[in-house]
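Q: Could you look at this predicted model? Sequence included:
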Amino acid sequence: MIIYSVTVLIKKEAEDSWIKWMKQDHIKDVLKTGHFTDCEMLKLISPETSEDEVCYVINYKSASLGDFNEYLQKEAPRLKKEHADKFSDKVKASRAVYQVIPH
């Protein structure tokens, strides 16, 4: 399993509208691509990032690296652009890809 992890620092003033948009639109749109099986959204509690920003991590789960790579090529540019168009001056995002190691 592959985890596509998106870390987002968002200005507190935009937090509520960003969460609403993520839950109602963006995460559903990412999952609808068919390249991910599930997703979880996490809010960083500690350590705090700054007085005016909060940190969230969205972990999308993909069955294989092939599925993830297909997402990157076919879907990611459009979905990243939608996010940037809506919140570009309020967020900073970074991305990482992990392989799950069964225990």
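A: The structure has been received and is ready for your questions. Only a predicted model underlies this, so the values are computations on that prediction, with no experimental measurement involved.
Q: which residues does Ile27 contact?
A: Neighbouring residues of Ile27 by CB atoms under 8 Å, 6 or more residues apart in numbering: 39, 41, 58. Where you see a C-beta, it was placed from the backbone N, CA and C, and this is true even at glycine.
Q: Please apply the same query to Asp16.
A: Applying CB under 8 Å, 6+ apart, no residues contact Asp16.
Q: That one should be in a helix, yeah?
A: Yes - checked against DSSP: H, G, I helix; E, B strand; the rest coil, Asp16 lies within a helix.
Q: can you tell me how far it sits from Ser88?
A: In this view, Asp16 and Ser88 are 18 Å apart by CB to CB, to the nearest Å.
Q: picking up where we left off before, now the contacts of Ile27 in a markdown table, with neighbour count?
A: A markdown table is the format used below for these (neighbours: other CB atoms under 10 Å):
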| residue | neighbour count |
| --- | --- |
| Cys39 | 17 |
| Met41 | 14 |
| Ile58 | 19 |
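Q: ok, of the residues you listed, which one's closest to His103?
A: Ranked by distance to His103 (CB to CB), those are led by Cys39 at 21.6 Å.
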